[in-house]
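1. generate coordinates for the sequence data below:
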Amino acid sequence: MDMTLREIYSAFGISRRTIQGYEKAGLISVSGKNERGHLLYNENAQERIKKIRLFQQMGFTIKEIKDIIDAPKDVQKPALEKQREKLKEETKDTELIIYKMSELIETLQH
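-> Purely as a prediction, here's the structure:
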């Protein structure tokens, strides 16, 4: 079922500006207008928004998403593997910071 822009940003918890950014980047497109003149997004656009959001949660930029969203599996897989390794490194860095912060908190309690 087609959804209006308002329904899209309500359903996905994203702003109108974000949707417009996806359109500007060529990631999604409007499928038409309803009788009231509101923009409509078909099920394909809705699925792409879900996929875009997932890639964003994984830490990919819009440009990177644009490069891989429609790419074949042999292109997507290495990109995902590289991003996974990057996230693992960031996690290690975060864990080290948390450890150091805990040590500092401990010294402040005495």
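2. now for Lys51: which residues touch it?
-> Ile69 (CB atoms under 8 Å, 6 or more residues apart in numbering). C-beta here means a position set from N, CA and C on the backbone, and glycine is covered the same way.
3. how near is it to Tyr22?
-> In this view, Lys51 and Tyr22 are 11 Å apart by CB to CB, to the nearest Å.
4. show the contacting residues for the residue nearest to the spatial centre of the chain.
-> Note on the chain: the residue nearest the mean C-alpha position is Gln56, at 2.3 Å, using CA atoms, centre = their mean. Listed by CB under 8 Å, 6+ apart, the contact set of Gln56 reads Ile62, Ile65.
5. quick one: low-confidence parts of this structure?
-> Along the chain, no part satisfies pLDDT under 70.
6. which residue ranges of it form helices?
-> Under the criterion DSSP state H, helices of the chain are mapped to 5-12, 16-24, 43-57, 62-68, 73-108.
7. and Arg36, which of these is closest to it?
-> In terms of CB to CB, the element of the helices of the chain nearest to Arg36 is helix 5-12, at 11.1 Å.
8. just give the number of residues close to the residue nearest to Arg16 when sequence neighbours are not counted.
-> Distances taken as CB to CB, 6 or more residues apart in numbering place Tyr9 nearest to Arg16, at 5.6 Å, with adjacent residues excluded. The tally of other residues near Tyr9 (other CB atoms under 10 Å) stands at 17.
9. domains of this protein?
-> Here the domain parsing of the chain from automatic domain parsing is 1-69, 71-110.
10. now, of those domains, which is deepest in the fold?
-> Mean neighbours per residue, mean count of other CB atoms under 10 Å, is largest over these for domain 1-69, with a mean of 15.
11. list the residues that contact the residue nearest to Lys86 when sequence neighbours are not counted.
-> What sits nearest to Lys86 in space, not counting adjacent residues and going by CB to CB, 6+ apart, is Gly59, at 6.9 Å. Neighbouring residues of Gly59 by CB under 8 Å, 6+ apart: Gln83, Lys86, Leu87.
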